[in-house]
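Asks: Sequence and predicted structure below; questions after.
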Amino acid sequence: AWTKAKQELLEGACNERMCSVDEDDRSENEPACYPTPPAKKASSSAIPARHGGPTLPRPDDMLCGRGGRVNARPGNVRFRELAIEGGYRHQYRNWPRKAAICRRLVAKFRAETDPPRRFLIEDILRPGMYVEIGDVKAWTKAKQELLEGACNERMCSVDEDDRSENEPACYPTPPAKKASSSAIPARHGGPTLPRPDDMLCGRGGRVNARPGNVRFRELAIEGGYRHQYRNWPRKAAICRRLVAKFRAETDPPRRFLIEDILRPGMYVEIGDVKAWTKAKQ
């Protein structure tokens, strides 16, 4: 029950920060105990949840959910592209006003089309119909996308340079960082059947007990990668070395596979970028 209360308070605090127009830091002399302030509200121009009632999605709308079917929609693809092309991922990683960056990304995404794009989620009361999630939750979705993108860029980059103190607040958008040319791409080799020494992505005892998954965990301990990750600053490089070592132990090299949603029973390579994220986890 305490954990549920903690989740509720964290979610509420996050929504308040996303809705607030100004974020003021507490002064050093402010007392530790003070009256509860009134809840911050979103601006009057913010789109509320369930705006317009249940509807059918357009191709350029952003759908909330998981899986390849949702992620491959034109609206979802465009949202991820805009986060890169508009420089929002770079700004989110380096600028302090992260809530304002999320709001600008959502506003830009909505305003690109006429009528404006929407952020939709399936209505649990009317299956097949969708409702608007509103600007507050849309800002949270933008935050998730920017956080995930920043994590992937750090894992792909060979060198991580910190922004200098004298760098201006406004600067041209840098080109998106890419993985090295030697990195194995996603779906490399097409759908296939897994070998016993491959690493399968998933949950449950059946997956975790596979020889490949067991060896991956053993290698993280035997090779000292867990100790290095806890104590060394270059964590992305440690993840890359762990994946490279795991692949190179056998001939042919081991693979990181996930079940193909279009062909049940067949598996596809997740690629080095997601394999580095699995190593980080």
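Replies: Yep, that arrived.

Asks: Please make it C-alpha for all contacts and neighbour counts, starting now.
Replies: Will do.

Asks: mind checking pLDDT for the residue nearest in space to the middle of the chain?
Replies: Against the mean C-alpha coordinate of the chain, by C-alpha atoms, centre = their mean, the closest residue is residue 148 at 2.5 Å. Looking at residue 148, its pLDDT is 76.

Asks: which residues of this structure fall in strands?
Replies: Taking DSSP state E as the criterion, the chain contains strands spanning 62-63, 119-122, 130-132, 199-200, 256-259, 267-269.

Asks: got TSV for those strands, with distance to residue 233 too?
Replies: What follows is the strands of the chain, written out as TSV (distance: least, C-alpha to C-alpha, whole Å):
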stretch	distance to residue 233
strand 62-63	37
strand 119-122	38
strand 130-132	42
strand 199-200	27
strand 256-259	26
strand 267-269	29
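
Asks: hang on, the earlier thing: do you know how far the residue nearest to the centre of the chain is from residue 92?
Replies: Using C-alpha to C-alpha, to the nearest Å, residue 148 is found at 11 Å from residue 92.

Asks: ok, now residue 260?
Replies: Counting by C-alpha to C-alpha, the gap from residue 260 to residue 92 is 32 Å.

Asks: what about the helices in this structure?
Replies: All helices of the chain, identified by DSSP state H, fall at 2-19, 68-71, 74-85, 88-94, 98-111, 134-156, 205-208, 211-222, 225-231, 235-248, 271-280.

Asks: closest to residue 57 out of those?
Replies: Smallest distance to residue 57 across the helices of the chain (C-alpha to C-alpha): 10.0 Å, for helix 74-85.

Asks: Now do that closest one, average pLDDT.
Replies: In this model, helix 74-85 carries a mean pLDDT of 90.

Asks: hmm, back to that, any idea which of the strands of the chain gets closest to residue 249?
Replies: Counting by C-alpha to C-alpha, residue 249 lies closest to strand 199-200 out of the strands of the chain; the figure is 12.7 Å.

Asks: Direction included, what does that closest one pair against?
Replies: According to DSSP bridges, strand 199-200 forms sheet pairs with strand 256-259 (parallel).

Asks: Export only the CA atoms of the partner strand, formatted as CSV.
Replies: Taking Å, rounded to 0.1, in the frame of the first residue of the first chain, the C-alpha atoms of strand 256-259 are listed here in CSV:
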residue,chain,number,x,y,z
PHE,A,256,20.1,-11.4,-29.6
LEU,A,257,16.6,-12.5,-30.9
ILE,A,258,13.0,-11.6,-30.3
GLU,A,259,9.9,-13.3,-31.6
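
Asks: So for stretch 188-196, what gets flagged as buried?
Replies: Using 16 or more other C-alpha atoms under 10 Å as the test for burial, stretch 188-196 gives 191-192, 194.

Asks: cool, stretch 85-101 as well?
Replies: Along stretch 85-101, these residues count as buried under the neighbour rule (16+ other C-alpha under 10 Å): 85, 87-93, 98-101.

Asks: what do you get for stretch 214-223?
Replies: Using 16+ other C-alpha under 10 Å as the burial criterion, the residues of stretch 214-223 that qualify are 215-216, 219-220.

Asks: out of the strands of the chain, which comes closest to residue 7?
Replies: Closest among the strands of the chain, using C-alpha to C-alpha: strand 119-122, at 21.6 Å.

Asks: any idea what sits nearest residue 51, other than its immediate chain neighbours?
Replies: If the residues on either side of it in the chain are set aside, residue 51 comes closest to residue 132, at 5.6 Å by C-alpha to C-alpha, 6 or more residues apart in numbering.
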